[in-house]
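[1] predicted structure and sequence below. I'll ask about it afterward.
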Amino acid sequence: MKKYASDDGIYLSQAKYASDLLARAEISNSRTESTLLEPNVRFFPIDGTILDNPTLYRQLVRGLVYLVVTRPDIAYPIYVFSQFLSAPRTTYYAAILRILRYIKDTLFHGLHFLPIYLYPFRHIQMLIGLRVKKQTFTARSSTEAEYHTLADTTTEVVSIRWLLKDLGAPQSSPNDHLLIDTVHLIAVGTLDQIADIFTKAHHPTRFRTLVSKLKMHLYIPLNIVPLRTT
């Protein structure tokens, strides 16, 4: 991963690592794709046929998991296909190649952090934590699932507030419990649900709109200074 500094913030890029994945899949010279998946596509354990040699599939998926660090736009399909590592099938492999062709089309995408985001203790409300895991319960509706998620998130937020208080940076603005007015829930319209990019495939226009809201940057400016490579 390369980190670059400029007057307008920090850029994180894994373009070289992404290029290596393309070479491993032997699609460096292939066509590109403008989206990750076909809109509303779904995958099932019985799709396609079992791969004769699953090694490359597993290597590519694990490599893409690491790429998600600076490419949150690919998080949803990678989470989906990482569930099929034990018995990968031809349909999944074809989808992984499509994802890689999308990455080729957006090779120099990376995360861009404005200077204000570099002070987490002063601006904790502006930071977002991303974690993907299967629910440990069966919800009878999306509303019920959202309530469970809200409860888990509130627990984490309370823990962060305690940590910040111990570090000498207490938070006075509400972001905690509803009943004592420390958590405020704000209605978000369907078109503004950025989290949708982490839960489903979208039509190209909608997909590009969501990607544009992920604090990603299309290129690395010419006036940047490399910080270090890991």
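    Sure thing, it's come through. The shown structure was predicted, so the numbers you read here are calculated from the model rather than taken from an experiment.

[2] which residues in the chain form strands?
    2-6, 9-13, 110-113, 216-217, 225-229 (DSSP state E).

[3] is it possible to get TSV of the ones you listed that adds distance to I194 and mean pLDDT?
    Any C-beta I mention is one placed from the backbone N, CA and C, and that applies to glycine too. Listed next are those as TSV, based on distance: least, Cβ to Cβ, whole Å; pLDDT from 0 to 100:
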stretch	distance to I194	mean pLDDT
strand 2-6	24	72
strand 9-13	19	82
strand 110-113	15	82
strand 216-217	12	76
strand 225-229	28	52
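
[4] need those in TSV with distance to H202 and mean neighbour count, can you?
    Below are these laid out as TSV (distance: least, Cβ to Cβ, whole Å; neighbours: other Cβ atoms under 10 Å):
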stretch	distance to H202	mean neighbour count
strand 2-6	29	17
strand 9-13	24	20
strand 110-113	20	20
strand 216-217	16	18
strand 225-229	33	9
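
[5] I'd like those as JSON lines, with distance to Q193 appended.
    Below are the strands of the chain laid out as JSON lines (distance: least, Cβ to Cβ, whole Å):
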{"stretch": "strand 2-6", "distance to Q193": "30"}
{"stretch": "strand 9-13", "distance to Q193": "25"}
{"stretch": "strand 110-113", "distance to Q193": "21"}
{"stretch": "strand 216-217", "distance to Q193": "18"}
{"stretch": "strand 225-229", "distance to Q193": "34"}
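
[6] for D73, find the nearest of the ones you listed.
    strand 216-217 (6.6 Å; Cβ to Cβ).

[7] to L36, which of the strands of the chain lies closest?
    strand 216-217 (13.7 Å).

[8] for the closest one, what is the distance to the chain centroid?
    12 Å (Cα atoms, centre = their mean, to the nearest Å).

[9] so which of the strands of the chain is nearest I74?
    Nearest of these (Cβ to Cβ): strand 216-217, 10.8 Å.

[10] show me what that closest one is packed up against.
    strand 110-113 (3 or more Cβ pairs under 8 Å, 6 or more residues apart in numbering; DSSP states H and E).

[11] so what strands line up beside the strand it packs on?
    strand 9-13 (antiparallel), strand 216-217 (antiparallel) (DSSP bridges).

[12] quick one: contacts of it?
    Applying Cβ atoms under 8 Å, 6 or more residues apart in numbering, the external contacts of strand 110-113 come out as 9-15, 70-72, 215-217, 220.

[13] from P39, how far out is the most centrally placed residue in the chain?
    Geometric centre of the chain, nearest residue: P72, 2.4 Å, by Cα atoms, centre = their mean. Taking Cβ to Cβ, to the nearest Å as the measure, P72 falls 19 Å from P39.

[14] what about I160, neighbour count?
    17 (other Cβ atoms under 10 Å).

[15] what pLDDT is listed against it?
    For I160, the pLDDT comes out at 73.

[16] please name the nearest non-neighbouring residue to T32.
    Spatial nearest neighbour of T32, excluding adjacent residues (Cβ to Cβ, 6 or more residues apart in numbering): D105 at 3.6 Å.

[17] how many neighbours does that neighbour have?
    Neighbour tally, D105, other Cβ under 10 Å: 13.
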